[in-house]
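**Student:** return atomic coordinates for the entry below.
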Amino acid sequence: MNSDTSVNVLYVDDEVHNLTAFKASFRRQFNVFTANSAVEGRTVLESEHIHVIVTDQRMPVTTGIEFLESIIPDFPDPIRILLTGYTDINAVIDAINKGQVYRYIQKPWMDEDLRINIEKAYELFMLRKENKDLIASLIVANDKLEELLRGAIENGTIDPEA
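**Tutor:** Reported below is the predicted structural model:
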């Protein structure tokens, strides 16, 4: 990954020591934002341009999946990673189907593995952004082409029956 790249990562977890450990582990590679609840996580999303969201599954009030599902309408672009200390196949299925989770990683995380997954998530974020930009450019080009064709048909330069 390019060292000039600034990757904004939001980590949501109700356990303060996990937030501290995450920030200490990744603050040199990424711009790390932390939140100790889903409500606080949403506040960060409203004020920062986040590329990757990492969230714990088991939190009081709102689970990680519920949090991720709730932000999709307002924040569809960040790539989502779910962390959990528990293995629950239903949670994995819900994470994929409801929360649009890119990766499901078990706690305790291994720093190198999580770093690589965050970098890959950012690459996916950038590819999706590139695709959106290309589609927007194609739509503009297509609209211009249609306008030119209409003009050519109207002034008789092109015969639409040919």
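**Student:** can you give me the pLDDT of residue 93?
**Tutor:** At residue 93, the model reports a pLDDT of 71.
**Student:** so where does it fall, helix or strand?
**Tutor:** Residue 93 is part of helix 89-97 when elements are defined by DSSP states H and E.
**Student:** the longest helix in the protein is where?
**Tutor:** Counting by DSSP state H, the longest helix found in the chain is helix 111-154.
**Student:** so which elements touch that one?
**Tutor:** helix 16-26, strand 52-56, strand 79-84, strand 101-106 (3 or more Cβ pairs under 8 Å, 6 or more residues apart in numbering; DSSP states H and E). For every residue, glycine as well, the C-beta is placed using N, CA and C.
**Student:** quick check: residue 77 is in a helix.
**Tutor:** No. Under DSSP: H, G, I helix; E, B strand; the rest coil, residue 77 falls outside any helix and is assigned coil.
**Student:** report how many residues lie close to it.
**Tutor:** By other Cβ atoms under 10 Å, 12 other residues sit near residue 77.
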